[in-house]
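Asker: Take this sequence and fold it.
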Amino acid sequence: MDDNRRVHFSPKASDLWGESPRSIPSKTLARAQQGLATTPVNDPAGARFLESKGAAFEFVTNAFFGNARLARERIHWLFPSNKDLRVAAMLAWVQKMSFNLGSFGLLKFLQHRERGGLFINTVFRMRNNPNEPALDWLTFNELQGTMDKTLQESVAFYDPSAHVMVFVYLPSESGNSIAIWRQKITVPDNAKVKLQGEINAVVKSLRNPKDYVVCVDE
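Answerer: Down below sits the predicted model:
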């Protein structure tokens, strides 16, 4: 494996997976947020983020795509986000960087010419960038393999010219299950204006909504 693809992954016991979760003090959360790199910009051309190129999914392949268990046993949507420091900090980072992420997500949609979403593994870092989250873009077709209804519907029926779907997930210690949260962020107006021609062309090429087939395993 190339050096820049190596996983810097050291999971520890999470309050989410423990028996008695506790809320996070605001000062502790603030310190965690300060550990994440942030560079807000006002130019959509400057919206650049580190991408894991699939490396962030290596530990959680069974959680997302394993067929030995039902999707509802692998992918958990109902955990409170304020019970784990890392999750709360990452969701706060998404909000702080929403302008950049809105532009970046639009660019990924145009690049892949298909609806999809940005995914962030809360505890994954690239070895050479320990303070920067690494993102992945998964298309609707790829997410069909999860058999998770919520994931598929989240990316099948949104307006990719106006919004970006962002998914933050936390692996269990085994990597066989994940807790996951979603946020819908707005595409900045200046990005839409600058890329309107490309947006119109790609949106016109998308399949009809009825042709987005949601695959489930029960």
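Asker: how about the longest helix along the chain: buried residues?
Answerer: Taking DSSP state H as the assignment, the helix of the chain that covers the most residues is helix 98-112. Neighbour counts using 16 or more other CB atoms under 10 Å place 98-110, 112 of helix 98-112 among the buried residues. The C-beta positions use only the backbone N, C-alpha and C, and glycine is treated the same way.
Asker: repeat for stretch 67-83
Answerer: Using 16+ other CB under 10 Å as the test for burial, stretch 67-83 gives 71, 74-76, 79, 81, 83.
Asker: Let me know the closest of these to Asn128.
Answerer: For those, the minimum distance to Asn128 (CB to CB) is 28.5 Å, reached by Ser81.
Asker: which stretches of the chain have low pLDDT?
Answerer: Under the criterion pLDDT under 70, the flagged ranges of the chain are 1-47.
Asker: Assign a three-state SS to the one residue sitting closest to the centre of the chain, would you?
Answerer: Most central residue of the chain, judged by C-alpha distance to the mean C-alpha position with CA atoms, centre = their mean, is Phe119 at 1.9 Å. Following DSSP: H, G, I helix; E, B strand; the rest coil, Phe119 is assigned to strand.
Asker: so what's it bridging to?
Answerer: Residues found in beta-bridge contact with Phe119 (criterion: DSSP bridges) are Asp136, Phe167.
Asker: In contact with it, which residues?
Answerer: The contact partners of Phe119, taken as CB atoms under 8 Å, 6 or more residues apart in numbering, are 56-57, 135-138, 166-167, 169.
Asker: let's see it at 7 Å
Answerer: 135-136, 138, 167, 169 (CB atoms under 7 Å, 6 or more residues apart in numbering).
Asker: Ok, Gly175 next?
Answerer: Under the criterion of CB under 7 Å, 6+ apart, the neighbours of Gly175 are 59-60, 62-63.
Asker: okay if I get the residues you listed as JSON lines plus distance to Met90?
Answerer: Compiled in JSON lines, these are given as follows (distance: CB to CB, whole Å):
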{"residue": "Phe59", "distance to Met90": "16"}
{"residue": "Val60", "distance to Met90": "15"}
{"residue": "Asn62", "distance to Met90": "22"}
{"residue": "Ala63", "distance to Met90": "17"}
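Asker: and which of the buried residues of stretch 67-83 is nearest Tyr212?
Answerer: Ala71 (17.1 Å).
Asker: Could you double-check that that closest one sits in contact with Gly145?
Answerer: No. Under the criterion of CB atoms under 7 Å, Ala71 is not in contact with Gly145, lying 10.2 Å apart.
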